[in-house]
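In: Would you be able to build a 3D model of this:
(chains A and B)
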Amino acid sequence: MTLKLFTQGFSMRFFSSASNSNLIQSLSSSAMSKYLGNVNELLTVAPELSRYPAEQWEKSFNTLRRIGFNANKFAHMASQHPKILIKSEDKLSTAMNQWRAFNFGEKLTFQLLERYPELLDVRNFHLTNANLGVINSFVGQKNGYKVLRNSPNVATEQTDLLKEKIEYLQDVMRVDPVEVYKSDVFSYDLLKIKTRHMFLERLGMYFKKKQGDKNDAHEINKNPKLSKIVDSSDKRFATKLCHVTLEEYETFVDIYKEEIDKIEGRYQEPYEQELDEDENEDQLNFEKIR
Amino acid sequence: MLKSRSIVKYFYRHKHGKNHWSVVEKKIFTKDRALQNLDDFYTNVYGIRWKSMRLGLLSKQKYIAMVNNFGEDEKVSEMFERDGAINIRTLYEVTKRNLEDEMGKFYVDENYANNALGHDSKIDNIFQKKRSEEITGIYADKEHAENVEVPRLTEENDSDKESDDENEIMEDVKKFKRPLEQVMREDSAIDYSRIIDPNFVESALYEYVPATKIKGLEDFVPESEHYRYYSNSADFPLKVEMETEFSIPENLQMYTYEMGNITDFRIPYRTITAVSSHFLMNGSSILPPLALNLKPGDVIFDACAAPGGKSFLMLQTLLPKLLVSNDVMESRANKIRKLMQEFVYDFKSSWKNHRCVVREEDARITSEYASYDKVLVDVPCTTDRHSVNESDNNIFKPARIKERLRIPELQSQILSNCIRLLKPGGDLVYSTCSLSPIQNDGVIHMALSNVFKEHGISVTIKDLSMVMKPFQCIFKFEHPKGLKYGQMVLPYLPANFGPLYFCKMTRN
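Out: Okay, the predicted model is just below:
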């Protein structure tokens, strides 16, 4: 058995290295050779790329160049999102045009798409448009781009979920919009945001700003920054920011989830009601009579 | 033609209801007030650790299930074990054995034992701060207020350090200072320059009546007075001994989940003997009755027994010859009766008034002196967990401020009287469910001092740190200790029991 597995693994590895060398050979003979010096390195970073033939590489490379991405950007995008190689020219240019229509400016649009090439796969631009509208109304017209750069999932998230998050940040946490676009808050689900906020509130480290209090505007905001609250790992959040043990935070996550489930009616009792033997018999008899 | 309805509508001003968010937001509930008060006080006492305790207090508490021996005990125990709960007695014995193997029979390190640190300087600082805040609040003239001398609780012997020059300057400064009483007396005295002569203009009398006295001044209790109950002058003989005797009676089957596990227990059901299958209680509540170390044939007095959980635990051991469960109010005593009837089989005919007596009496005036072997005093306190979670029946209600500030006095009176109820050599456990050092160590100190002064009774404090050590795997105890006399279970989220303070003493 072990021998069989060993030979299988060996043959596969052999096959992949063989295909890699073929690919590198054919790429070096093509027009791409002068642009892509380190195909080898690229293939180690993203082994999935070896699946695609050299023609596909060339085609995709030319298309992206025509749109405006240079060779370095192509290498980065391909390593991030190898499936970009099989996207047709039509689809790529349509997506590109759609992204241009959001008016972030040419430079910023390219930066965004280079950073997250997955955004070129977006099909439902109506949804993206609606989401950006909601975000802009919260953080300001200019800063929508910054939110998208920090949390690209905003482009495809359901608008209702996004609205819920904004409502929570705005009405319950009362955070400053500046803090919102400086953090990756929209990358996380609402439960995590709520858990971290409630944890701090119960520790006595987060106070809700009073609404309409004129004196309050001059007071120093002692609440921790939103990016520190949501962007840190569980351990860092618990020990560095809250000065408690990780164990306490982990227990709180469970307790708070249970609390939320109870409020929203999703809570299930851990034990099923066990019927007594006599009651069971009664039930059976009743069924027989029926 | 004008529609009458539109005119009415024009004058009608819409006012939103009580539950509108803007109304709810502005309203300060009693529990918020309580939390604010505890925040102010405990941050000074516990420092950064208060945050963790606060989190525990505001989150779901953990329970311990005690199997009812009057029901289907074996079946229920099996059920709990199947659910993954741990038997506390087994756990205690195993941990104790491990500790003995590791550290020998006397398994307590010196750091852990009672080293009488106390919170003296902290409480003194809080008292000073509160007092000066109050004085500045009362007197608009801030210069006066700052100059008022506040007597310190702790006597400082640093007079040697002061040079003669400094003394002279201090004396000069003191001339301008006036004590609080003097300022109040002078202010309330009749100011003759403002009196209107009735012969001169009679109508002027109706125009202005100068205030000479503040109404209700005699009822005025400054908030800072509360902190003065924590005094540390030792004026009575005190002996502290390490307690080595402790066991969990065999009849008691109690179950809990390990630290970090927040699973709930099953809801109690009615067994074939028509009593409930098990009793769910806050885990820390088992410690005071267990610390009494019950022996067969003991006569026990539970001074403030309602709702009766601790009394029921003691009854379950079957050790007491007689258990007197006492509480001051009829409604509270009825709670005990109701609980006993729900859990004890045939309570009315076989137990009531035979081995268990429920009665309503003020524990401050009970006069069966020197007649009990064991006394449990679980005094009324600020009940921190309840106060920060429920606005109903909350002691931090503004109308109950006098009651709250005087609570240490009541507690010490109860404790002093209960010490007198003990037979010589009898044990007493004092417990509260508050984190406040004033209601814990402060009250014990006050009561011991009173009892020695008035009745010449002295006691030996039993240090429970050694016997409680095996419980460390399920409870979070106060460590390093800032406690003089007792032990304290802290709210800690993975083991969210307590808060509970308890202290054991033996009458000499």
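In: In terms of helix, strand or coil, where does the residue in the stretch 1-150 of chain A that chain B sits nearest to fall?
Out: As assessed by C-beta to the nearest C-beta, chain B sits closest to residue A:138 within the stretch 1-150 of chain A, at 19.4 Å. Where you see a C-beta, it was placed from the backbone N, CA and C, and this is true even at glycine. Secondary structure of residue A:138, reduced to three states by DSSP: H, G, I helix; E, B strand; the rest coil: helix.
In: where does the stretch 101-250 of chain A dip in pLDDT?
Out: For the stretch 101-250 of chain A, the stretches with pLDDT under 70 are A:211-218.
In: Could you show which parts of the stretch 101-250 of chain A are in contact with chain B?
Out: Contact residues (C-beta under 8 Å from any C-beta of the partner chain) of the stretch 101-250 of chain A with chain B: A:199, A:202-205, A:210-211, A:242-244, A:247-248, A:250.
In: out of the residues you listed, which are inside helices?
Out: Among these, the ones falling in helices (DSSP state H) are A:199, A:202, A:203, A:247, A:248, A:250.
In: Most neighbours of all those residues, which one?
Out: When neighbours are counted by other C-beta atoms under 10 Å in any protein chain shown, residue A:199 leads those with 26 neighbours.
In: Tell me the pLDDT of residue B:139.
Out: On pLDDT, residue B:139 comes in at 61.
In: Residue B:296 - how many residues pack around it?
Out: 10.
In: if I look at the nearest residue to it once chain neighbours are set aside, how far off is chain A?
Out: In space, and not counting its chain neighbours, residue B:296 is closest to residue B:319: 5.1 Å by C-beta to C-beta, 6 or more residues apart in numbering or on different chains. According to C-beta to the nearest C-beta, to the nearest Å, residue B:319 and chain A sit 32 Å apart.
In: And for residue B:319, the neighbour number?
Out: If you count neighbours by other C-beta under 10 Å, residue B:319 ends up with 19.
In: now do residue A:229
Out: The number of residues packed around residue A:229, counting by other C-beta under 10 Å, is 24.
In: and if you look at residue A:122?
Out: For residue A:122, the neighbour count with other C-beta under 10 Å is 15.
In: Pretty sure it sits against residue A:157.
Out: No - counting by C-beta atoms under 8 Å, residue A:122 stays clear of residue A:157, with 11.4 Å between them.
In: What pairs with the one helix or strand residue B:323 maps to, parallel or antiparallel?
Out: Under the criterion of DSSP states H and E, residue B:323 resides in strand B:322-327. Its sheet considered, strand B:322-327 pairs with strand B:299-302 (parallel), strand B:356-360 (parallel) by DSSP bridges.
In: tell me the most buried of those strands?
Out: Mean neighbour count (mean count of other C-beta atoms under 10 Å in any protein chain shown) peaks for strand B:299-302 among those, with a mean of 24.
In: Give the rounded mean pLDDT of the helix or strand immediately after that one in the chain.
Out: Once strand B:299-302 ends, the next helix or strand along the chain (criterion: DSSP H and E) is helix B:309-316. Mean per-residue pLDDT for helix B:309-316: 93.
In: repeat for stretch B:412-422
Out: Mean predicted confidence for stretch B:412-422 is 94.
In: How far does it sit from its chain's centre?
Out: Relative to its chain's centre, stretch B:412-422 lies at 16 Å (C-alpha atoms, centre = their mean, to the nearest Å).
In: ok, now stretch B:297-311?
Out: Using C-alpha atoms, centre = their mean, the offset of stretch B:297-311 from its chain centre is 18 Å.
In: cool, and stretch B:394-407?
Out: Its chain's C-alpha centre and that of stretch B:394-407 lie 13 Å apart, by C-alpha atoms, centre = their mean.
In: and if you look at stretch B:309-320?
Out: Here stretch B:309-320 is found 23 Å from its chain centre; the criterion is C-alpha atoms, centre = their mean.
In: cool, stretch B:340-351 as well?
Out: Remark: stretch B:340-351 is offset 30 Å from the chain centroid, using C-alpha atoms, centre = their mean.
In: Please point out which parts of it sit buried.
Out: Neighbour-count burial for stretch B:340-351, counted by 16 or more other C-beta atoms under 10 Å in any protein chain shown, picks out B:340, B:341, B:342, B:343, B:344, B:347, B:351.
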